[in-house]
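Visitor: Sharing a sequence plus its predicted fold:
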Amino acid sequence: MQKIVSSVVVTALASSLALAFPAHAANKAQAATVQEAPLRGHLAFLASDAMEGRGTGQRGGELTVTYLESQAMAAGLKPANGNSFRQEVKIAGVRPLPEKSNVGVVAGGQALPLSFGMDWVWAPGDAKPDHNMDAELVFVGYGITAPEEGWDDFKGLDAKGKVLVMMVNDPAPTAAEPKRFNGAGLTYYGRWTYKLAEAARQGAAGVILIHTDASASYGWSVVQNSWAAAERFQLADADLGTGMQGWMTDAAARKLFTAAGQDLDKLRAAAEDKSFKPVTLNARVKGEARAAVRTLNEYNVAGVVPGTDPKLKDEVVIYSAHWDHMGKQGTEGDTIFNGAVDNASGTAGLLAMAQEAVRHPAKRSQMFLWVAAEEQGLLGSAAYAAKPLWPADKTAANLNLDSLNFVGAAKDIGVQGSERTELGAMAAATAKAMGLVIAPAKPDLAGGYFRSDHFSFAKAGIPAFSVGGGSAWVSNVEANNAKAKAYRARYHQVSDEYDPSWDLAGMVQQAQFTLNLGRMIADSPKMPAWKAGDAFGKIRAAAK
């Protein structure tokens, strides 16, 4: 039976942490040094059952915001939003009601036996509770429009009133075009968020993504936990999506295409060529899809360490981490998705960093920003980018922390994405000063650059990337490799829980590197810039 902790107890525990790690006890002559004790204390508390998985729109989320607000005050940060540490994020929440719906797929004149959750999932993308569907299904390959690649999967298709079926990921490189769509790496065009947005731009009634573990970079259980078992969210005052958004398993898609008189494998192969044209399926989505819809306010939490230079203090370096996870789901067994690594670790890391930054201010101002609803599609950071608390043209960089190294100390540090800007050289200099090496660059197969909160800043023109943990372990190489690999099975599962036996040396190392790099940026004579010829312009165009 889950233990229920009252808000009084939560407040008391939060206060005890603040007292245990006073903000102004260090010798100011020392360099800003991230301490393990406060990081561990914040991590243990944020990942505890008391915080109920820090769910968006849930009690645990409210407790988390209150905790972060109090800890920002205790650390000595200044409110970033006038007199408040909070920035409102207006959100629409939708929960599909399959038990009250009769929507299904008819192919070749026969109803397909699709089970919600097992075979497919769906939810409204326009925050409306009822949709009467009678829409033709059209396969549109990867669902990409990329003029700079000479690519158009729609080719004049009038998508109005249709449900578009798409593959996840983007076209693979070929011998003739080894660099198309960033070669082996994923581009923003391959992200499911782009595909949902493109379907809306095409005027479609809905979109169904075909899931495979390889193309999505995670298993169907991740989709189930995010779409079938939980409330989904979107920004209430942003562009709305299509009436139906969803995913379908590869097995279910094969049944659909066969019943519709098509060969899915042949169509997939055809979609790898830019000559591909949309294929209308002998299939329709029919019936009523119902959902519970509500609106709510979530909050980003932001505090500032003012700069010391009379001119440069008007510019800012932003450190960010998302505070949310997946909250409480279900009624039996362990119902709390604690999200210890993802992302109580980054949230705690920022708190420990802020404590030190207050003691050792830099020339530019430094903002510590804990954003909401990342798990729902980077909503909190997108809301910040739309209405920044500090002018974008006065923001030098964003350094993001998401899922820190809980395994152990490493000889290297991950800075993938920094090479797009002058941050790359600064990151290399920071690593060298700390006796670290830069982790070798790898093809971004999972599209990591486009699925963390720094991307919201990059779309706004701000140099940004997420600082990754290393993997060249200082010791216990075989055991540590096994620990790192084992986490994949815990990703977005109830088993992502804090373990007091964790060696947090790597986590402290990652937070220290981020703070050191931020300090270098904050003290630099000029703000870093994007590199000429970087694909940023394409990313930004695709993301709009």
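Guide: Structure's in. What do you need?

Visitor: Neighbours of residue 213, how many?
Guide: Counted with other Cβ atoms under 10 Å, residues neighbouring residue 213 total 11. C-beta coordinates here come from the backbone N, C-alpha and C atoms, glycine included.

Visitor: The closest residue to it other than its chain neighbours and residue 396, how far apart?
Guide: Ranked by Cβ to Cβ, 6 or more residues apart in numbering and with sequence neighbours excluded, the top spatial neighbour of residue 213 is residue 219, at 5.3 Å. Separation of residue 219 from residue 396 (Cβ to Cβ, to the nearest Å) stands at 39 Å.

Visitor: cool, residue 168 as well?
Guide: Distance from residue 168 to residue 396, by Cβ to Cβ: 35 Å.

Visitor: how far does stretch 421-439 stretch from start to finish?
Guide: Its first and final residues considered, stretch 421-439 spans 17 Å by Cα to Cα, to the nearest Å.

Visitor: Hmm, residue 407 and residue 475 touching each other?
Guide: No: with contact defined as Cβ atoms under 8 Å, residue 475 does not reach residue 407; the gap is 10.9 Å.

Visitor: out of these two, which sits in the more crowded spot?
Guide: More crowded of residue 475 and residue 407, by other Cβ under 10 Å: residue 407, with 27 against 10.

Visitor: re the thing from before, compare residue 219 and residue 396 (neighbour count), which wins?
Guide: Set side by side, residue 219 and residue 396 show more neighbours around residue 396, with 23 against 15, by other Cβ under 10 Å.

Visitor: okay, now the residue lying closest to that one once chain neighbours are set aside: neighbour count?
Guide: Nearest residue to residue 396, sequence neighbours excluded (Cβ to Cβ, 6+ apart): residue 527, at 4.1 Å. Neighbour count of residue 527, defined by other Cβ under 10 Å: 19.

Visitor: hang on, residue 527 packs against residue 315?
Guide: Yes: Residue 527 lies in contact with residue 315 (Cβ under 8 Å); the separation is 6.4 Å.

Visitor: if I look at these two, which residues touch both of them?
Guide: Common neighbours of residue 527 and residue 315 (criterion: Cβ atoms under 8 Å, 6 or more residues apart in numbering): residue 396.

Visitor: do you know how far the spatially closest residue to residue 410 that is not a sequence neighbour is from residue 426?
Guide: Nearest non-adjacent residue to residue 410, counting by Cβ to Cβ, 6+ apart: residue 470, 2.8 Å away. Using Cβ to Cβ, we find residue 470 at a distance of 18 Å from residue 426.

Visitor: So which of those two has more stuff around it?
Guide: residue 470 (24 against 21).

Visitor: Now for the more buried one: which residues touch it?
Guide: The contact partners of residue 470, taken as Cβ under 8 Å, 6+ apart, are 405, 410-414, 436, 439, 506, 509-510.

Visitor: So how do I select the buried members of the residues you listed in ChimeraX?
Guide: For the buried members of those, the matching ChimeraX selection, counting by 16 or more other Cβ atoms under 10 Å, is:
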select :405,410,412,413,414,436,439,506,509,510
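
Visitor: Could you list which of the contacts of residue 470 belong to strands?
Guide: Among the contacts of residue 470, the members falling in strands (DSSP state E) are 412-413.

Visitor: Columns pLDDT on top of the contacts of residue 470, output as JSON lines?
Guide: Converted to JSON lines, the contacts of residue 470 look like this (pLDDT from 0 to 100):
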{"residue": "405", "pLDDT": "97"}
{"residue": "410", "pLDDT": "97"}
{"residue": "411", "pLDDT": "97"}
{"residue": "412", "pLDDT": "97"}
{"residue": "413", "pLDDT": "98"}
{"residue": "414", "pLDDT": "96"}
{"residue": "436", "pLDDT": "97"}
{"residue": "439", "pLDDT": "95"}
{"residue": "506", "pLDDT": "97"}
{"residue": "509", "pLDDT": "97"}
{"residue": "510", "pLDDT": "98"}
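
Visitor: now the contacts of residue 470 as a markdown table including distance to residue 32?
Guide: Shown next, in a markdown table, are the contacts of residue 470 (distance: Cβ to Cβ, whole Å):
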| residue | distance to residue 32 |
| --- | --- |
| 405 | 20 |
| 410 | 21 |
| 411 | 22 |
| 412 | 22 |
| 413 | 17 |
| 414 | 21 |
| 436 | 17 |
| 439 | 24 |
| 506 | 19 |
| 509 | 14 |
| 510 | 15 |
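
Visitor: Please look at residue 494 and residue 332 and confirm they touch.
Guide: No: judged on Cβ under 8 Å, residue 494 makes no contact with residue 332 at a distance of 11.5 Å.

Visitor: Surely residue 318 touches residue 392?
Guide: No: assessed by Cβ under 8 Å, residue 318 is found out of contact with residue 392, at 10.4 Å.

Visitor: The two - which one has more neighbours?
Guide: Between residue 318 and residue 392, counting by other Cβ under 10 Å, residue 318 is the more crowded of the two (28 against 11).

Visitor: What distance do you get for that one to residue 147?
Guide: Residue 318 sits 32 Å away from residue 147, taking Cβ to Cβ as the criterion.

Visitor: same deal with residue 265?
Guide: Using Cβ to Cβ, one gets 29 Å for the distance from residue 265 to residue 147.

Visitor: who's residue 121 bridged to?
Guide: residue 247 (DSSP bridges).

Visitor: Identify the residues contacting it.
Guide: Shown in contact with residue 121 (Cβ under 8 Å, 6+ apart): 96, 223-224, 227-228, 246-247.

Visitor: Any idea how far stretch 470-483 is from the middle of the chain?
Guide: 26 Å (Cα atoms, centre = their mean, to the nearest Å).

Visitor: what about that stretch, start to end distance?
Guide: End-to-end distance (Cα to Cα), stretch 470-483: 13 Å.

Visitor: and what of stretch 390-398?
Guide: Chord length of stretch 390-398, first to last residue, is 12 Å (Cα to Cα).

Visitor: Check stretch 483-496 too.
Guide: 13 Å.

Visitor: and that stretch, which residues are buried?
Guide: If you call a residue buried by 16+ other Cβ under 10 Å, then stretch 483-496 has these buried ones: 483-484, 491-494, 496.

Visitor: now stretch 33-51
Guide: Neighbour counts using 16+ other Cβ under 10 Å place 34-35, 38-51 of stretch 33-51 among the buried residues.

Visitor: hmm, which two among those are most spread apart?
Guide: 34 and 49 (26.5 Å; Cβ to Cβ).

Visitor: Okay, helices next: where are they in the stretch 251-400 of the chain?
Guide: Applying DSSP state H, counting those that start in this stretch to the stretch 251-400 of the chain gives helices spanning 264-270, 346-359, 379-386.

Visitor: Please put the alpha-carbon coordinates of the last one into PDB.
Guide: Output in PDB follows, covering the C-alpha atoms of helix 379-386 (Å, rounded to 0.1, in the frame of the first residue of the first chain):
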ATOM      1  CA  LEU A 379       5.600  22.500 -23.100                       C
ATOM      2  CA  GLY A 380       7.200  24.500 -20.200                       C
ATOM      3  CA  SER A 381      10.300  25.500 -22.200                       C
ATOM      4  CA  ALA A 382       8.100  26.200 -25.200                       C
ATOM      5  CA  ALA A 383       6.000  28.500 -23.100                       C
ATOM      6  CA  TYR A 384       9.100  30.200 -21.800                       C
ATOM      7  CA  ALA A 385      10.500  30.700 -25.300                       C
ATOM      8  CA  ALA A 386       7.200  32.200 -26.400                       C
END
